[in-house]
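> need a 3D model of the following:
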Amino acid sequence: MTKYAKLQKNIDAKEKYVITPHIPGGFLTPDTLIKIGEVAKKYNASLKLTSAQRISIGNLKEDDIDSIWKELNMQPAIKNICSVINIEMCSANFCRRSKYPIIGLGIKITNKFQGMELPGKLKIAVAGCKNACINAYTKDIGVLSNTEGELFIVIGGKGGLRPRPHDLLVENINEKEVITYINRLLNYYKDNALEGERFVNFIDRITINKIRKHILK
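As a prediction, the model looks like this:
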């Protein structure tokens, strides 16, 4: 990664790059959306909505990247791949199925943990009901609400070629406890993981029972 940009393609020695600004939870103002469009149009860029609730800006020349970041006046979504790289949020406050208005908590989690350096990359998701339309059960950490509007945390979920079912960490907690437990969990992972060890592998090695005992002490 160079200048917070990734090489997108290299055709006939012509390199093109893609950048991804940080958009907390996928929520942005009309003015920000217009600005992204105007900058993309100016530099003949491509735009793509990503599965991580972001907008990637591609087809860029390397020499233009610094100017584009300056004109956007936005932070990069990822500064260090070995960190909390994304916190996804459902549209709970605007959804009739939601049992808890969880967007505010999602923003608090983003402000505190986004970019926190860790042994490996880590994803978090928050959802206002057990349906978890943003797949909170398949993220490293998922914060959800049950049918009574009580919050609970699951960890270690994974999709892909080697899926892993999530483990329940703790249930019937409030927002302050959510922040406390995530903080303890990430620091425990940071202090005890092997070099380059991903979070799901860390859970399997340490065991969920030992992790739960430490987090809830």
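> could you pull out the helices for the protein?
In the chain, the segments counted as helices under DSSP state H are 30-42, 65-72, 103-113, 175-192, 199-206, 208-215.
> show me where pLDDT drops low in this protein?
Scanning the chain for pLDDT under 70 picks out 1-2, 11-12.
> how is it divided into domains?
6-72, 84-215 (automatic domain parsing).
> to residue 78, which of those domains lies closest?
Proximity of those to residue 78 was assessed by CB to CB; the nearest stretch is domain 84-215, lying at 5.1 Å. Glycine gets a C-beta too; all of them are placed from N, C-alpha and C.
> can I get the domains of the chain in JSON lines with distance to residue 78 and mean neighbour count?
As requested, these are exported to JSON lines (distance: least, CB to CB, whole Å; neighbours: other CB atoms under 10 Å):
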{"stretch": "domain 6-72", "distance to residue 78": "7", "mean neighbour count": "15"}
{"stretch": "domain 84-215", "distance to residue 78": "5", "mean neighbour count": "18"}
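> re the thing from before, tell me which of the helices of the chain lies nearest to residue 85.
helix 103-113 (10.6 Å).
> give me the residues contacting that closest one.
24-25, 27, 84, 87, 89, 91-93, 124, 126, 128, 143, 151, 175, 178-179, 182-183, 186 (CB atoms under 8 Å, 6 or more residues apart in numbering).
> re earlier: go through the helices of the chain and name the closest to residue 9.
helix 65-72 (15.0 Å).
> next one: that closest one to chain centre, how far?
In terms of CA atoms, centre = their mean, to the nearest Å, the centre of helix 65-72 is set 23 Å apart from its chain centre.
> tilt between that helix and helix 30-42?
Orientation check (axes from the mean of the first three to the mean of the last three CA atoms, to 10 degrees): helix 65-72 against helix 30-42 gives 150 degrees.
> who does helix 65-72 touch, helix- and strand-wise?
If you count contacts as 3 or more CB pairs under 8 Å, 6 or more residues apart in numbering; DSSP states H and E, helix 65-72 packs onto strand 14-19, helix 30-42.
> format the ones you listed as a markdown table; extra columns: distance to residue 79.
Output for the helices and strands packed on helix 65-72, formatted as a markdown table (distance: least, CB to CB, whole Å):
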| stretch | distance to residue 79 |
| --- | --- |
| strand 14-19 | 12 |
| helix 30-42 | 19 |
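> and of these, who's closest to residue 195?
Between the helices and strands packed on helix 65-72, strand 14-19 lies closest to residue 195; by CB to CB that is 28.5 Å.
> mind checking which of the contacts of helix 103-113 are in strands?
84, 87, 89, 124, 126, 143, 151 (DSSP state E).
> contacts only, for residue 136.
Residue 136 neighbours (CB under 8 Å, 6+ apart): 88, 90, 125, 126, 127, 142, 143, 144, 154, 157.
> now residue 44
Here residue 44 is in contact with residue 59 (criterion: CB under 8 Å, 6+ apart).
> which one of the contacts of residue 136 is nearest residue 119?
Distances from residue 119 to the contacts of residue 136, taken by CB to CB, are shortest for residue 157, at 18.4 Å.
> what's stretch 66-82 in contact with?
Outside of stretch 66-82, the residues within contact range by CB under 8 Å, 6+ apart are 1, 3-4, 19-23, 32, 35-36, 39, 42-43, 45, 52, 54, 57, 60, 85-86, 115, 117-121, 196.
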